[in-house]
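Student: just the structure for this:
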Amino acid sequence: MTPVTPISASALRHAVWLGVLIGLASPASAQMVALPAPQNVLVLAADASAEVQQDLLTITLQATREGSDAQAVQTQLRQTLDSALSEARKAVRPGQVEVRTGAFSLFPRYTTKPTGGNAINGWQGRAELLLEGTTLPPSASWPGGWVVRVAPPIPA
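Tutor: Here you go, the predicted structure:
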């Protein structure tokens, strides 16, 4: 009689799985079901396109000024805006890019008095120039001294 070698539980599990896999791969277990050929089948496909108007791009250029005199701040803003408007109008392409002024505001800055209450301690103003069109103007045509920051698109 030959001595029996004990098999570990892990080796036994591997042997069982190997037997299952071999049984699944045998021709007897891999029977194919024959389907009848399709009849009276109609395949439809559709495609459509449409021309749409190009989106309108608006760029807002902004200048800010501060000072102790309201009239001086307003004058500085007006001169800056007039200069930028003049430069921008030279670069305008009719039908593609239009230029116009936007908001113009002037407001006081306050400080707290030692005796209580507030007092005006200066003035701050802002002027806007708007470029609108279907194409972005080349950076060389932007009014001198103005910084352009294009915001990323808003996710839909």
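Student: so for the helix or strand where Thr75 lies, what gets flagged as buried?
Tutor: Element membership for Thr75, per DSSP states H and E: helix 70-91. Residues 70, 73-74, 76-77, 80-81, 84-85, 87-88 are the ones in helix 70-91 that count as buried (16 or more other C-beta atoms under 10 Å). Quick note: C-beta positions are derived from backbone N, CA and C, even for glycine.
Student: pull the helix or strand with minimum mean pLDDT from this structure.
Tutor: The helix or strand of the chain with the poorest confidence is helix 9-25; it has a mean of 55 (mean pLDDT, DSSP states H and E).
Student: the helix or strand following the helix holding Thr75 pairs with which strands, parallel or anti?
Tutor: As assigned by DSSP H and E, the chain's next helix or strand after helix 70-91 is strand 97-112. Using DSSP bridges, strand 97-112 pairs in its sheet with strand 118-133 (antiparallel).
Student: list the buried residues of the partner strand.
Tutor: For strand 118-133, the neighbour count (16+ other C-beta under 10 Å) marks 123, 125-129, 131, 133 as buried.
Student: give me the low-pLDDT residue ranges for the protein?
Tutor: Applying pLDDT under 70 to the chain flags the ranges 1-33, 43, 136-156.
Student: redo that, cut-off 50
Tutor: Filtered on pLDDT under 50, the chain yields the residue ranges 29, 140, 145, 150-151, 156.
Student: who's in contact with Gly125?
Tutor: Residues near Gly125 by C-beta atoms under 8 Å, 6 or more residues apart in numbering: 64-66, 73-74, 76-77, 104-107.
Student: ditto for Asp55
Tutor: So Asp55 contacts Thr134 (C-beta under 8 Å, 6+ apart).
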